[in-house]
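Engineer: predicted model and sequence follow; I will ask about them next.
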Amino acid sequence: MEVTTDRSSSKDAELELYTIPAQSSWFVWDDIHEIERREFTEFFSESSITRTPKVYKEYRDFIINKYREDTSRRLTFTSIRKYLIGDVNLLRKVFLFLEKWGLINFLQKNDDLVVEESEAKIEQGTTPAGIRVTSTPNSTRPVIAPPLVEESAEPAFKFPPLTSYSDVFKNPSSDALDNG
C-alpha cells in the first residue's frame with residue numbers, strides 16, 4: 001500500500017497571494033523591515049532572551065497567519081492572546097502595529113481608516129514575490145503610478161485679477177472726464 005503526500009497543495013498554500021494595502025508595500029514576509037526594527041527596539045536590543053528578533057517574527061507571523069485563516073472575520077487581540085505566550089503588553093503592541101499598517105483586519109469596513117487617494121504615496125520599484133499591492137484594501141486593481149505631467153510654459157489655470165489691484169470704486173463718469 002502506497003502512501004502519497006500532497007506536497008503541491010502545501011506549497012500552493014505557501015505561495016498564495018497575500019493582498020496588503022499600498023501603505024504597507026514595505027512589508028516582506030521572509031524578513032524584518034527597518035520600520036519594524038524601529039518600532040520594536042525591545043526585540044532587537046539583545047537585552048533579554050525572551051525578546052529576540054526570532055520571537056518578534058514568530059509573533060508577527062502567527063498573528064498574520066491567524067488573520068489569513070478567515071479574512072472575512074475581524075481578528076481581535078483576545079482571540080490571538082490565548083495562543084501566544086509572553087508579555088501581554090508587547091503582544092498587544094505587535095497586534096496594534098500590524099493592524100495600523102493594514103497587515104491584518106484591512107478587508108473589513110472601517111470608517112476611521114479612510115485614506116484619501118491624494119494621501120497615498122506611490123513608489124516605483126519591485127514588490128516582493130507573493131504580495132500584491134492595491135490602492136485600497138477592498139480593491140483588486142493594482143496600484144499604477146500616475147502619468148507624469150509635462151510642465152508647459154502657460155499655466156493650465158489662470159487666476160482672476162486681484163480686487164486690490166483693480167479700482168472697484170471707479171466712477172464711470174470720471175472715466176469720461178479723464179478721456180475727454
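Structural biologist: Structure received. Residues are numbered from 1 along each chain as shown.
Engineer: contacts only, for Thr52.
Structural biologist: 43, 46 (CB atoms under 8 Å, 6 or more residues apart in numbering). All C-beta atoms are positioned from the backbone trio N, CA, C, and that covers glycine.
Engineer: strands of this structure, start to end?
Structural biologist: 18-21, 131-134 (DSSP state E).
Engineer: least confident of the ones you listed, on average?
Structural biologist: Across those, strand 131-134 has the smallest mean pLDDT, namely a mean of 65.
Engineer: and the longest helix along the chain, what does it pack onto?
Structural biologist: Longest helix in the chain, counting residues (DSSP state H): helix 53-69. Packed against helix 53-69 by the contact rule (3 or more CB pairs under 8 Å, 6 or more residues apart in numbering; DSSP states H and E) you find helix 41-44, helix 77-81, helix 88-100.
Engineer: alpha carbons of that helix, as PDB, please.
Structural biologist: Extracted in PDB, the C-alpha atoms of helix 53-69 (Å, rounded to 0.1, in the frame of the first residue of the first chain):
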ATOM      1  CA  PRO A  53      14.100  39.100  16.600                       C
ATOM      2  CA  LYS A  54      13.100  35.400  16.200                       C
ATOM      3  CA  VAL A  55      10.400  35.800  18.900                       C
ATOM      4  CA  TYR A  56       9.100  39.000  17.300                       C
ATOM      5  CA  LYS A  57       8.900  37.300  13.900                       C
ATOM      6  CA  GLU A  58       7.100  34.300  15.400                       C
ATOM      7  CA  TYR A  59       4.500  36.700  17.000                       C
ATOM      8  CA  ARG A  60       4.100  38.700  13.800                       C
ATOM      9  CA  ASP A  61       3.800  35.600  11.500                       C
ATOM     10  CA  PHE A  62       1.400  33.900  13.800                       C
ATOM     11  CA  ILE A  63      -0.900  36.900  14.100                       C
ATOM     12  CA  ILE A  64      -0.900  37.400  10.300                       C
ATOM     13  CA  ASN A  65      -1.500  33.700   9.600                       C
ATOM     14  CA  LYS A  66      -4.300  33.700  12.100                       C
ATOM     15  CA  TYR A  67      -6.000  36.600  10.200                       C
ATOM     16  CA  ARG A  68      -5.400  34.800   6.900                       C
ATOM     17  CA  GLU A  69      -7.400  31.800   8.100                       C
END
